[in-house]
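Engineer: Pasting the sequence and the predicted model now:
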Amino acid sequence: MSEEKKVFERGADVPATSSLHPRSVHAIDQDSGMNGKVTYEIEKDFKQAQRFDIDAESGVITTRGRFDRESSRYVSVTVIAKDSGIRPLIGICSFQVELLDENDNPPVFERTQYETTVRQDRKKGPVIAVIATDADAGRNAEIEYSLDPSEIMSQKLFGIDKDTGWIYLKESLPASPRQ
């Protein structure tokens, strides 16, 4: 008869990535023979169960697909280790996987078109700011602004602050001659 409770050797060895590379859990059973043979399964009652597989013999955990960090930053996993005794005993190991961000979202401007008026005698300096956001996180959400290099005339007159999105006149515009 199996009388020993399963003890997980260590917490699950899980990297903090958005696609879980094969990792494993390992439980120790002090019983001998079939009573000491341990098999593994993912707990079926938790929300993310359908997104993971586990090799029943080795305890290797893999994912069934990709995760989207923008939907959830953490995913919880619960593994059950069960011996092969007549009255099986179990051990439980729960852990969280932190999903790292992938650069999978493009920047989006607040508006599709920006307009402003510049007086002909305008001095050099800021004219208008364009604003974009990115649904990614960390460095993947950083935005660098630039002007379209094919717009040669615009490049001569205007510059853009790559960090803030402020478009500015490079030089003061000449005043129009008085008639």
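Structural biologist: Nice, I can see it. Residues are numbered from 1 along each chain as shown.
Engineer: Following the chain past the worst-scoring helix or strand of the chain on mean pLDDT, name the next helix or strand.
Structural biologist: The helix or strand of the chain with the poorest confidence is strand 7-8; it has a mean of 54 (mean pLDDT, DSSP states H and E). Later in the chain than strand 7-8, the nearest helix or strand by DSSP states H and E is strand 23-24.
Engineer: Endpoint to endpoint, stretch 59-74 covers what distance?
Structural biologist: 21 Å (CA to CA, to the nearest Å).
Engineer: roughly how far is that stretch from the heart of the chain?
Structural biologist: Centroid separation for stretch 59-74 versus its chain: 10 Å, with CA atoms, centre = their mean, to the nearest Å.
Engineer: Would you mark the buried spots in it?
Structural biologist: Judged by neighbour count (16 or more other CB atoms under 10 Å), stretch 59-74 contains these buried residues: 59, 61, 63, 67, 69. Where you see a C-beta, it was placed from the backbone N, CA and C, and this is true even at glycine.
Engineer: quick one, phi psi at the fourth one?
Structural biologist: Listed backbone geometry of residue 67 is phi -110, psi 160, with angles given as degrees, to the nearest 10.
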